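# Need a 3D model of the sequence below.
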Amino acid sequence: MELNGRVQVSVSRPVAASVAEIFLVLANPANHQAVDGSGMLRGAGDQPVLAGVGDTFTMAMYLPELGDYLMLNRVIAFEHDRRIVWEPTPG
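Just a heads-up that it's a prediction; the model follows:
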């Protein structure tokens, strides 16, 4: 599918984990580097587990074109064990 001149690709696969286990991985910024497929994430440091809309966390990132930088993320939707959405902005 093409979107605004860009190709959008999606992949799905079964995961042998409960919804609660998957949610805990996503709600804890310290876990994000382990599931990053891009190689851009360098870590989240010591930050609390996300608990609701408005929570923020910072990720250390790296791109060859930019070098090291920080990305601030703000939780914009949260339903425990169901949905977590955050919006990244340059930090």
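# remind me, longest strand of this protein?
When the chain is parsed with DSSP state E, its longest strand is strand 67-79.
# The following helix or strand past that strand - contacts with which helices or strands?
Next along the chain after strand 67-79, taking DSSP states H and E as the criterion, comes strand 83-90. The contact analysis (3 or more C-beta pairs under 8 Å, 6 or more residues apart in numbering; DSSP states H and E) places strand 83-90 against helix 19-27, strand 67-79. All C-beta atoms are positioned from the backbone trio N, CA, C, and that covers glycine.
# ok, strand 83-90: who's next to it in the sheet?
For strand 83-90, the pairing partners within the sheet under DSSP bridges are strand 67-79 (antiparallel).
# Next, the buried residues of the strand it pairs with.
By 16 or more other C-beta atoms under 10 Å, the buried positions in strand 67-79 come out as 73, 75, 78.
# tilt between it and helix 19-27?
140 degrees (axes from the mean of the first three to the mean of the last three C-alpha atoms, to 10 degrees).
# Keeping just the C-alphas, turn strand 67-79 into PDB.
Coordinates of each C-alpha in strand 67-79 appear next as PDB, following Å, rounded to 0.1, in the frame of the first residue of the first chain:
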ATOM      1  CA  GLY A  67      24.200  10.600  15.500                       C
ATOM      2  CA  ASP A  68      23.000  10.200  19.000                       C
ATOM      3  CA  TYR A  69      19.800  11.900  20.000                       C
ATOM      4  CA  LEU A  70      16.900  11.600  22.500                       C
ATOM      5  CA  MET A  71      13.200  11.000  21.600                       C
ATOM      6  CA  LEU A  72      10.500  12.100  24.000                       C
ATOM      7  CA  ASN A  73       7.400   9.900  24.000                       C
ATOM      8  CA  ARG A  74       4.000  10.800  25.500                       C
ATOM      9  CA  VAL A  75       1.300   8.200  26.100                       C
ATOM     10  CA  ILE A  76      -1.900   9.300  24.300                       C
ATOM     11  CA  ALA A  77      -4.100   6.200  24.900                       C
ATOM     12  CA  PHE A  78      -4.000   3.600  27.600                       C
ATOM     13  CA  GLU A  79      -6.200   0.700  28.600                       C
END
